[in-house]
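A.B. asks: quick one, what's the 3D model for this:
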Amino acid sequence: MPATSVIPQLPFRFTPLPSAREGQLASVAGAGFQAELRRYDCETAREWAFKPSRPYISLTLWAGTMRRRGAYLLASRQPELTDLGRLFLVPAETPLQVRFEAGVRDTLACTFDPLKLAELDDFTWAEETLPSTLDIRNAGARNALLRLANELRSPGPATQLVTEAAVLLATVELYGHFQGRRQGQARTPGPLAPWQLRKVTERIEEAPAATITLGELAADCGISPRHLMRSFKAATGVTVGDFMTEARIRQAVRLLAGSSMPIKQIAHRCGFQSAAAFSTAFKRQTGMTPAESRRARSRLDH
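C.D. replies: Residues are numbered from 1 along each chain as shown. The predicted structure is shown next:
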(Lines give C-alpha, C1' and ligand atoms only; values in the text may rest on other atoms or scores of the structure.)
Protein backbone atom coordinates (compact mmCIF):
# COMPACT_ATOMS: atom_id res chain seq x y z
CA MET A 1 0.00 0.00 0.00
CA PRO A 2 1.51 3.37 -0.96
CA ALA A 3 2.71 5.57 1.87
CA THR A 4 0.51 8.41 0.62
CA SER A 5 -2.70 6.36 0.58
CA VAL A 6 -5.62 8.12 2.25
CA ILE A 7 -8.97 6.49 2.85
CA PRO A 8 -11.57 9.17 3.55
CA GLN A 9 -14.37 6.69 4.32
CA LEU A 10 -13.56 4.31 7.17
CA PRO A 11 -14.63 0.70 6.49
CA PHE A 12 -16.82 0.57 9.61
CA ARG A 13 -20.34 1.21 10.75
CA PHE A 14 -20.50 4.31 12.94
CA THR A 15 -22.82 3.53 15.85
CA PRO A 16 -23.90 6.39 18.11
CA LEU A 17 -22.81 6.05 21.73
CA PRO A 18 -25.62 5.55 24.26
CA SER A 19 -25.32 9.17 25.43
CA ALA A 20 -25.51 10.66 21.92
CA ARG A 21 -28.67 12.54 21.03
CA GLU A 22 -31.02 11.49 18.23
CA GLY A 23 -28.54 9.01 16.85
CA GLN A 24 -25.91 11.67 16.17
CA LEU A 25 -22.22 11.09 16.83
CA ALA A 26 -21.11 13.29 19.73
CA SER A 27 -18.61 15.91 18.57
CA VAL A 28 -17.30 19.38 19.32
CA ALA A 29 -15.24 21.89 17.34
CA GLY A 30 -13.32 24.74 18.90
CA ALA A 31 -10.51 27.16 18.20
CA GLY A 32 -7.89 25.01 16.52
CA PHE A 33 -9.34 21.56 17.25
CA GLN A 34 -12.11 19.09 16.54
CA ALA A 35 -13.02 16.11 18.74
CA GLU A 36 -15.61 13.38 18.58
CA LEU A 37 -16.65 10.19 20.28
CA ARG A 38 -16.59 7.20 17.95
CA ARG A 39 -17.72 3.62 18.11
CA TYR A 40 -16.02 1.31 15.64
CA ASP A 41 -18.11 -1.81 14.97
CA CYS A 42 -16.17 -4.15 12.72
CA GLU A 43 -17.57 -7.53 11.63
CA THR A 44 -14.33 -8.65 9.99
CA ALA A 45 -10.69 -7.60 10.16
CA ARG A 46 -9.90 -4.44 8.21
CA GLU A 47 -6.62 -2.81 7.22
CA TRP A 48 -5.97 0.59 5.68
CA ALA A 49 -3.61 3.56 5.76
CA PHE A 50 -4.26 7.20 6.52
CA LYS A 51 -2.22 10.38 6.66
CA PRO A 52 -3.81 13.11 8.82
CA SER A 53 -3.42 16.71 7.70
CA ARG A 54 -3.25 17.77 11.37
CA PRO A 55 -1.93 15.90 14.44
CA TYR A 56 -4.37 13.17 15.41
CA ILE A 57 -4.95 11.82 18.95
CA SER A 58 -6.85 8.65 19.79
CA LEU A 59 -7.82 7.56 23.30
CA THR A 60 -9.60 4.25 23.89
CA LEU A 61 -12.56 4.66 26.22
CA TRP A 62 -13.79 1.08 26.01
CA ALA A 63 -11.73 -1.66 24.40
CA GLY A 64 -14.44 -4.25 23.87
CA THR A 65 -13.02 -7.25 22.04
CA MET A 66 -11.24 -5.46 19.20
CA ARG A 67 -7.48 -5.70 18.82
CA ARG A 68 -5.83 -2.73 17.14
CA ARG A 69 -2.37 -2.66 15.55
CA GLY A 70 -0.44 -0.14 13.50
CA ALA A 71 2.88 0.89 11.97
CA TYR A 72 4.21 4.04 10.34
CA LEU A 73 4.90 3.82 6.61
CA LEU A 74 8.45 5.13 6.31
CA ALA A 75 10.81 4.89 3.37
CA SER A 76 13.66 3.82 5.66
CA ARG A 77 12.04 0.72 7.12
CA GLN A 78 9.52 -2.03 6.48
CA PRO A 79 6.26 -1.57 8.40
CA GLU A 80 5.86 -4.04 11.27
CA LEU A 81 2.48 -3.86 12.95
CA THR A 82 2.52 -3.52 16.73
CA ASP A 83 -0.30 -3.17 19.23
CA LEU A 84 -1.53 0.38 19.53
CA GLY A 85 -1.70 1.69 23.08
CA ARG A 86 -4.74 3.11 24.78
CA LEU A 87 -3.44 6.58 23.90
CA PHE A 88 -1.57 7.33 20.70
CA LEU A 89 -0.73 10.35 18.56
CA VAL A 90 -0.09 10.50 14.81
CA PRO A 91 1.90 13.59 13.71
CA ALA A 92 0.55 15.57 10.78
CA GLU A 93 1.37 14.29 7.29
CA THR A 94 2.75 11.03 8.68
CA PRO A 95 1.20 7.93 7.05
CA LEU A 96 0.08 5.19 9.40
CA GLN A 97 -0.99 1.69 8.44
CA VAL A 98 -3.70 0.35 10.77
CA ARG A 99 -5.34 -3.04 11.25
CA PHE A 100 -8.48 -3.54 13.32
CA GLU A 101 -9.59 -7.06 14.16
CA ALA A 102 -13.27 -7.92 14.38
CA GLY A 103 -14.99 -6.39 17.40
CA VAL A 104 -16.22 -3.16 18.94
CA ARG A 105 -14.22 -0.25 20.38
CA ASP A 106 -15.22 3.18 21.69
CA THR A 107 -12.68 5.97 21.25
CA LEU A 108 -12.20 9.69 21.56
CA ALA A 109 -10.62 11.07 18.38
CA CYS A 110 -9.16 14.56 18.25
CA THR A 111 -7.34 16.57 15.60
CA PHE A 112 -5.74 19.90 16.42
CA ASP A 113 -3.61 22.73 15.10
CA PRO A 114 -0.74 23.11 17.60
CA LEU A 115 0.01 26.71 16.56
CA LYS A 116 -3.56 28.00 16.69
CA LEU A 117 -4.45 26.06 19.81
CA ALA A 118 -1.57 26.83 22.11
CA GLU A 119 1.09 28.72 20.15
CA LEU A 120 3.33 25.74 20.78
CA ASP A 121 6.82 25.87 19.37
CA ASP A 122 7.26 24.06 16.09
CA PHE A 123 8.08 20.46 16.92
CA THR A 124 10.01 18.38 14.39
CA TRP A 125 9.42 14.69 14.91
CA ALA A 126 12.55 12.59 14.64
CA GLU A 127 12.02 9.28 12.88
CA GLU A 128 13.37 7.33 15.84
CA THR A 129 10.77 9.00 18.08
CA LEU A 130 7.77 7.97 15.98
CA PRO A 131 7.28 4.40 17.30
CA SER A 132 6.88 5.73 20.85
CA THR A 133 3.91 7.86 19.77
CA LEU A 134 1.85 4.69 19.26
CA ASP A 135 1.71 3.87 22.97
CA ILE A 136 1.89 6.97 25.15
CA ARG A 137 1.93 6.58 28.94
CA ASN A 138 1.15 10.09 30.15
CA ALA A 139 -1.38 10.42 32.95
CA GLY A 140 -1.81 14.18 32.51
CA ALA A 141 -2.79 13.90 28.84
CA ARG A 142 -4.98 10.87 29.46
CA ASN A 143 -6.89 12.51 32.31
CA ALA A 144 -7.46 15.67 30.28
CA LEU A 145 -8.87 13.64 27.39
CA LEU A 146 -11.10 11.65 29.72
CA ARG A 147 -12.46 14.96 31.00
CA LEU A 148 -13.16 15.93 27.41
CA ALA A 149 -14.94 12.62 26.72
CA ASN A 150 -17.10 12.99 29.82
CA GLU A 151 -18.11 16.49 28.75
CA LEU A 152 -19.11 15.22 25.32
CA ARG A 153 -21.18 12.46 26.89
CA SER A 154 -22.98 14.90 29.20
CA PRO A 155 -22.74 18.39 27.71
CA GLY A 156 -23.44 21.34 29.96
CA PRO A 157 -23.55 25.14 29.75
CA ALA A 158 -19.73 25.37 29.82
CA THR A 159 -19.02 22.54 27.38
CA GLN A 160 -17.16 24.73 24.88
CA LEU A 161 -14.91 26.22 27.54
CA VAL A 162 -14.29 22.89 29.26
CA THR A 163 -13.48 21.06 26.03
CA GLU A 164 -11.10 23.75 24.80
CA ALA A 165 -9.27 23.74 28.14
CA ALA A 166 -9.09 19.93 28.11
CA VAL A 167 -7.65 19.78 24.58
CA LEU A 168 -5.15 22.52 25.38
CA LEU A 169 -3.97 20.70 28.51
CA ALA A 170 -3.73 17.36 26.69
CA THR A 171 -1.67 18.75 23.81
CA VAL A 172 0.68 20.67 26.08
CA GLU A 173 1.19 17.51 28.16
CA LEU A 174 1.90 15.44 25.04
CA TYR A 175 4.35 17.91 23.51
CA GLY A 176 6.08 18.29 26.89
CA HIS A 177 6.25 14.51 27.17
CA PHE A 178 8.09 14.11 23.88
CA GLN A 179 10.21 17.24 24.28
CA GLY A 180 11.49 15.81 27.56
CA ARG A 181 12.23 12.43 25.98
CA ARG A 182 14.12 14.04 23.12
CA GLN A 183 16.21 16.24 25.38
CA GLY A 184 17.00 13.29 27.64
CA GLN A 185 18.07 11.18 24.67
CA ALA A 186 20.10 13.99 23.14
CA ARG A 187 22.46 14.51 26.03
CA THR A 188 22.87 12.82 29.37
CA PRO A 189 24.64 15.11 31.86
CA GLY A 190 28.00 13.86 33.03
CA PRO A 191 28.94 13.35 36.66
CA LEU A 192 29.76 16.23 38.97
CA ALA A 193 33.43 17.06 39.26
CA PRO A 194 34.80 16.51 42.80
CA TRP A 195 35.10 20.26 43.35
CA GLN A 196 31.49 20.81 42.29
CA LEU A 197 30.19 18.14 44.66
CA ARG A 198 32.33 19.53 47.48
CA LYS A 199 31.13 23.10 46.82
CA VAL A 200 27.46 22.08 46.99
CA THR A 201 27.75 19.90 50.08
CA GLU A 202 29.94 22.38 51.98
CA ARG A 203 27.61 25.30 51.29
CA ILE A 204 24.65 23.30 52.58
CA GLU A 205 26.48 21.89 55.61
CA GLU A 206 27.83 25.32 56.63
CA ALA A 207 24.38 26.90 56.72
CA PRO A 208 21.71 24.20 56.52
CA ALA A 209 18.95 26.58 57.62
CA ALA A 210 19.75 29.16 54.95
CA THR A 211 17.37 29.63 52.05
CA ILE A 212 19.41 28.34 49.14
CA THR A 213 17.88 27.83 45.72
CA LEU A 214 18.80 25.15 43.24
CA GLY A 215 19.65 27.88 40.75
CA GLU A 216 22.19 29.41 43.14
CA LEU A 217 23.88 26.06 43.75
CA ALA A 218 23.97 25.34 40.02
CA ALA A 219 25.44 28.78 39.30
CA ASP A 220 28.18 28.12 41.88
CA CYS A 221 29.13 25.05 39.87
CA GLY A 222 28.75 26.63 36.44
CA ILE A 223 26.08 24.16 35.31
CA SER A 224 22.32 24.14 34.77
CA PRO A 225 19.87 23.29 37.59
CA ARG A 226 18.71 20.24 35.62
CA HIS A 227 22.30 19.01 35.30
CA LEU A 228 22.88 19.55 39.02
CA MET A 229 19.71 17.68 40.03
CA ARG A 230 20.49 14.61 37.97
CA SER A 231 24.24 14.50 38.60
CA PHE A 232 24.00 15.16 42.34
CA LYS A 233 21.59 12.27 42.80
CA ALA A 234 23.79 10.03 40.67
CA ALA A 235 26.79 10.92 42.86
CA THR A 236 25.14 10.75 46.29
CA GLY A 237 22.03 8.60 45.91
CA VAL A 238 19.80 11.42 47.22
CA THR A 239 18.37 14.60 45.76
CA VAL A 240 19.73 18.04 46.62
CA GLY A 241 16.55 18.70 48.62
CA ASP A 242 16.88 15.48 50.58
CA PHE A 243 20.52 16.24 51.34
CA MET A 244 19.55 19.67 52.64
CA THR A 245 16.88 18.15 54.89
CA GLU A 246 19.39 15.63 56.24
CA ALA A 247 21.84 18.45 57.02
CA ARG A 248 19.14 20.30 58.92
CA ILE A 249 18.27 17.19 60.90
CA ARG A 250 21.93 16.66 61.79
CA GLN A 251 22.08 20.22 63.09
CA ALA A 252 18.88 19.65 65.06
CA VAL A 253 20.29 16.50 66.67
CA ARG A 254 23.31 18.49 67.86
CA LEU A 255 21.12 21.27 69.31
CA LEU A 256 18.77 18.80 71.01
CA ALA A 257 21.68 17.05 72.66
CA GLY A 258 23.85 20.04 73.53
CA SER A 259 21.38 22.73 74.58
CA SER A 260 18.18 23.30 76.49
CA MET A 261 16.70 25.32 73.66
CA PRO A 262 12.93 24.72 73.22
CA ILE A 263 12.04 22.38 70.37
CA LYS A 264 10.02 25.06 68.60
CA GLN A 265 13.03 27.37 68.63
CA ILE A 266 15.27 24.59 67.32
CA ALA A 267 12.81 24.01 64.50
CA HIS A 268 13.09 27.62 63.38
CA ARG A 269 16.85 27.70 63.92
CA CYS A 270 17.19 24.72 61.58
CA GLY A 271 15.06 26.26 58.84
CA PHE A 272 11.72 24.50 59.34
CA GLN A 273 8.53 26.51 58.92
CA SER A 274 6.84 25.01 61.98
CA ALA A 275 7.41 22.64 64.87
CA ALA A 276 5.02 20.18 63.25
CA ALA A 277 6.97 20.12 59.99
CA PHE A 278 10.18 19.73 61.98
CA SER A 279 8.77 16.83 63.99
CA THR A 280 7.55 15.03 60.86
CA ALA A 281 10.87 15.39 59.04
CA PHE A 282 12.87 14.47 62.14
CA LYS A 283 10.89 11.28 62.75
CA ARG A 284 11.16 10.30 59.10
CA GLN A 285 14.93 10.57 59.28
CA THR A 286 15.63 9.20 62.76
CA GLY A 287 12.60 7.09 63.71
CA MET A 288 11.97 9.29 66.77
CA THR A 289 10.31 12.60 67.49
CA PRO A 290 12.58 15.47 68.63
CA ALA A 291 11.29 15.09 72.21
CA GLU A 292 11.98 11.34 72.19
CA SER A 293 15.48 11.97 70.81
CA ARG A 294 16.21 14.50 73.56
CA ARG A 295 14.98 12.13 76.31
CA ALA A 296 17.03 9.24 74.89
CA ARG A 297 20.13 11.39 74.83
CA SER A 298 19.50 12.56 78.40
CA ARG A 299 19.27 8.97 79.64
CA LEU A 300 22.57 8.14 77.93
CA ASP A 301 24.26 11.11 79.61
CA HIS A 302 23.11 9.92 83.02
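A.B. asks: just list whatever residues bridge to Phe33.
C.D. replies: Gly30, Phe112 (DSSP bridges).
A.B. asks: for it, give me the pLDDT.
C.D. replies: The confidence metric pLDDT takes the value 87 at Phe33.
A.B. asks: look up how far Thr65 lies from it.
C.D. replies: 30 Å (Cβ to Cβ, to the nearest Å). (Glycine included, C-beta is placed from N, CA and C.)
A.B. asks: between these two, which one's more packed in?
C.D. replies: Applying other Cβ atoms under 10 Å to Phe33 and Thr65 shows that Phe33 carries more neighbours, namely 26 against 9.
A.B. asks: grab the nearest non-local neighbour of Ala267.
C.D. replies: Once flanking residues are discounted, Ala267 sits nearest to Phe278: 3.5 Å by Cβ to Cβ, 6 or more residues apart in numbering.
A.B. asks: for the one you found, give its distance to Pro95.
C.D. replies: In terms of Cβ to Cβ, Phe278 sits 60 Å off from Pro95.
A.B. asks: same drill for those two, tell me which one is more crowded.
C.D. replies: Phe278 (24 against 20).
A.B. asks: can you pull the contacts of the more buried one?
C.D. replies: Phe278 sits next to Ala252, Ile263, Ile266, Ala267, Cys270, Phe272, Pro290 when contact means Cβ atoms under 8 Å, 6 or more residues apart in numbering.
A.B. asks: so which strand or helix has it?
C.D. replies: Using DSSP states H and E, Phe278 sits within helix 275-286.
A.B. asks: what about that helix, distance to the chain center?
C.D. replies: Counting by Cα atoms, centre = their mean, to the nearest Å, helix 275-286 is centred 30 Å from the centre of its parent chain.
A.B. asks: could you number the chain from 47 rather than 1 from now on?
C.D. replies: Noted, 47 is the first residue going forward, which turns the last one into helix 321-332.
A.B. asks: so the residue nearest to Ala313 versus Arg330, what's the distance?
C.D. replies: 11 Å.
A.B. asks: can you check Gly317 too?
C.D. replies: For Gly317 relative to Arg330 (Cβ to Cβ), the value is 16 Å.
A.B. asks: who has more neighbours, these two?
C.D. replies: Taking other Cβ under 10 Å, Gly317 and Arg330 do not tie; Gly317 has more neighbours (20 against 10).
A.B. asks: correct me, but the more buried one touches Ala256?
C.D. replies: Yes - between Gly317 and Ala256 a contact is recorded at 7.2 Å, counting by Cβ atoms under 8 Å.
A.B. asks: I'd like the average pLDDT over stretch 147-158.
C.D. replies: So the average pLDDT for stretch 147-158 ends up being 89.
A.B. asks: list the buried residues in it.
C.D. replies: Buried residues in stretch 147-158, counting neighbours by 16 or more other Cβ atoms under 10 Å, are found at Gly149, Val150, Arg151, Asp152, Thr153, Leu154, Cys156, Thr157, Phe158.
A.B. asks: need the contact list for the first one.
C.D. replies: Each residue near Gly149 by Cβ under 8 Å, 6+ apart is listed here: Cys88, Gly110, Thr111, Met112, Arg113.
A.B. asks: list the contacts for the residue lying closest to it once chain neighbours are set aside?
C.D. replies: Spatial nearest neighbour of Gly149, excluding adjacent residues (Cβ to Cβ, 6+ apart): Met112 at 3.0 Å. Going by Cβ under 8 Å, 6+ apart, Met112 touches Tyr86, Cys88, Phe146, Glu147, Ala148, Gly149, Val150, Arg151.
A.B. asks: tell me which of those fall in strands.
C.D. replies: Counting by DSSP state E, the part of the contacts of Met112 found in strands is Tyr86, Cys88, Phe146, Gly149, Val150, Arg151.
A.B. asks: quick check: beta-bridge partners of the last one?
C.D. replies: Spelled out, that is Arg151. As for beta bridges, Arg151 partners with Tyr86 under DSSP bridges.
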